[in-house]
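Visitor: Prediction below, plus the sequence it came from.
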Amino acid sequence: MANSGQKVVLITGCSSGIGLRIAVTLAKDEKKRYHVIATMRDLKKKDKLVEAAGDAYGKTLMLLPLDVCSDESVRQCINNVKDRHIDILINNAGVGLLGPVESISIEEMKRVFETNFFGVVRMIKEVMPDMKKRRSGHIVVMSSVMGLQGVVFNDVYTASKFAMEGFCESMAVQLMKFNIRLSMIEPGPVHTEFETKMMEDVAKMEYPGVDADTVRYFKDVYLPSSIDIFEAMGQTPEDIAQCTKKVIESNSPRFRNLTNSLYTPIVALKYADETGGLSVNTFYNLLFNFGPLMHITMSILKCLTCSCLRRRTISPN
Ligand SMILES: NC(=O)c1ccc[n+]([C@@H]2O[C@H](COP(=O)([O-])OP(=O)(O)OC[C@H]3O[C@@H](n4cnc5c(N)ncnc54)[C@H](OP(=O)(O)O)[C@@H]3O)[C@@H](O)[C@H]2O)c1
């Protein structure tokens, strides 16, 4: 149970990756300022988190089951929190989807929206009324650079994050009136199981209904570039956890928080030309006309951003 003065933080999707690392980072806070409720849809996957939490497990960190796709699971989880009191909600759970749209069923697309969009909406709807009554709270949402900028062959994942960005941008204004803050965390590529799971899915793909040219662009042009980008620009879950900690500890938390400064110019392209031509043409050229040049650039970047020269995490303030 939380001590008086401790903030109650509930995090979704803590079985691996970013969610696990945020939970451990906050639970191990030196001043013990947080009581972390780390949730996951299948508690059988708790071992990695429990091991990483060490002594904090059972003290500043506890576990609860929570599937963000189920109304019942969300309600039960929040009812199991003392007085339903949550100071900070971190919506982290998410799934990816990659590949030519023609080969993806509408059912698979709905699954992505059910988790990445409706999962967040479901959590906010359950927690927000109590925060409003108390006139305090902070809602954090794990978005993505792909919530700000479309990326070829990530069409549906990108759409789910755009949907969430639009929802949150609208909600933030109303919530501010109740002294509730809303912050988006927008990472670029991060080395987690997310990347592994997507690559495993891609390896199993059969591309029904997709023409040969599109399959070739996806497999021989997009995938190698994507791997280059992950290797050159990828952050660690620890980078994202530190950025999230800074956001929740700020006296005036920012609404948008890009975690990777290397992406700032890419996002800026979109706002530099309201017709959209600049960003669409730039991405087209990078992928289809300057592929080899991009490979060389990413290789140089990989060297420049390694170890001590790496300055990847920007301070949100
Ligand atoms: N990795 C990246 O490059 C990257 C970049 C930008 C943004 N993000 C975002 O960061 C967040 C975390 O991703 P990650 O990279 O840490 O990937 P990850 O290691 O695959 O973690 C995703 C987490 O979400 C959980 N989850 C999936 N569906 C769920 C559901 N219905 N209910 C509850 N939990 C569910 C997974 O649980 P199970 O173990 O049960 O599947 C897992 O714990 C996602 O929102 C993702 O979109 C990731």
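Guide: Looks like it arrived, so ask away. Numbers count the residues shown, from 1 in each chain.

Visitor: Show the residue spans covered by the helices in the stretch 151-300 of the chain.
Guide: 155-177, 193-204, 212-216, 223-233, 237-249, 264-272, 277-284, 291-304 (DSSP state H, counting those that start in this stretch).

Visitor: Let me know which of those is tucked in deepest.
Guide: Comparing the helices of the stretch 151-300 of the chain by mean neighbour count (mean count of other Cβ atoms under 10 Å), helix 237-249 comes out on top with a mean of 20. Any C-beta I mention is one placed from the backbone N, CA and C, and that applies to glycine too.

Visitor: Please work out which residues outside that helix touch it.
Guide: For helix 237-249, the surrounding residues in contact (Cβ atoms under 8 Å, 6 or more residues apart in numbering) are 9, 17-18, 20-22, 24-26, 29, 88, 90, 138, 140, 142, 183, 185, 187, 190-192, 253-254, 257, 259, 312-317.

Visitor: Filter these down to the buried ones.
Guide: Buried members of these, counted by 16 or more other Cβ atoms under 10 Å: 9, 17-18, 20-22, 24-26, 29, 88, 90, 138, 140, 142, 183, 185, 187, 190, 192, 253, 257, 259, 312-314, 316.

Visitor: Output the below-cut-off pLDDT ranges for this protein.
Guide: Counting by pLDDT under 70, the ranges of the chain that qualify are 291-317.

Visitor: and it, which residues reach the ligand?
Guide: 12-13, 15-19, 40-42, 45, 66-69, 92-95, 115, 119, 142, 144, 187, 189-190, 192-195, 197 (Cβ under 6 Å from any ligand atom).

Visitor: Among the residues you listed, name the ones in strands.
Guide: Cross-referencing these against strands under DSSP state E gives 40, 142.

Visitor: My read is that Val156 contacts Leu97, right?
Guide: Yes. When contacts are counted by Cβ atoms under 8 Å, Val156 is listed as touching Leu97 (5.0 Å).

Visitor: Show me whatever sits in contact with both of the two.
Guide: 104, 108-109, 112.

Visitor: Let me know the closest of those residues to the ligand.
Guide: Val112 (9.6 Å; Cβ to the nearest ligand atom).

Visitor: what sits against that closest one?
Guide: Here Val112 is in contact with 95-97, 156-157, 160 (Cβ under 8 Å, 6+ apart).

Visitor: Adding distance to Leu269, write those residues out as CSV.
Guide: Output for the contacts of Val112, formatted as CSV (distance: Cβ to Cβ, whole Å):
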residue, distance to Leu269
Val95, 27
Gly96, 23
Leu97, 24
Val156, 22
Tyr157, 20
Ser160, 22
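
Visitor: hang on, Ala53 in a helix?
Guide: Yes. Under DSSP: H, G, I helix; E, B strand; the rest coil, Ala53 falls within a helix.

Visitor: In the stretch 201-317 of the chain, what residue lies closest to the ligand?
Guide: For the stretch 201-317 of the chain, Cβ to the nearest ligand atom, closest residue to the ligand: Pro237, 6.2 Å.

Visitor: how about the closest residue to that residue other than its chain neighbours, secondary structure?
Guide: Nearest non-adjacent residue to Pro237, counting by Cβ to Cβ, 6 or more residues apart in numbering: Arg21, 3.8 Å away. Recorded secondary structure, Arg21: helix (three-state DSSP).

Visitor: Arg21: what's it in contact with?
Guide: 52, 237-238, 240-241 are the contacts of Arg21 under Cβ under 8 Å, 6+ apart.

Visitor: Farthest pair within these?
Guide: Ala52 and Ile240 (14.9 Å; Cβ to Cβ).

Visitor: would a markdown table of the contacts of Arg21 with distance to Met123 be doable?
Guide: Below are the contacts of Arg21 laid out as a markdown table (distance: Cβ to Cβ, whole Å):
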| residue | distance to Met123 |
| --- | --- |
| Ala52 | 23 |
| Pro237 | 21 |
| Glu238 | 24 |
| Ile240 | 19 |
| Ala241 | 19 |
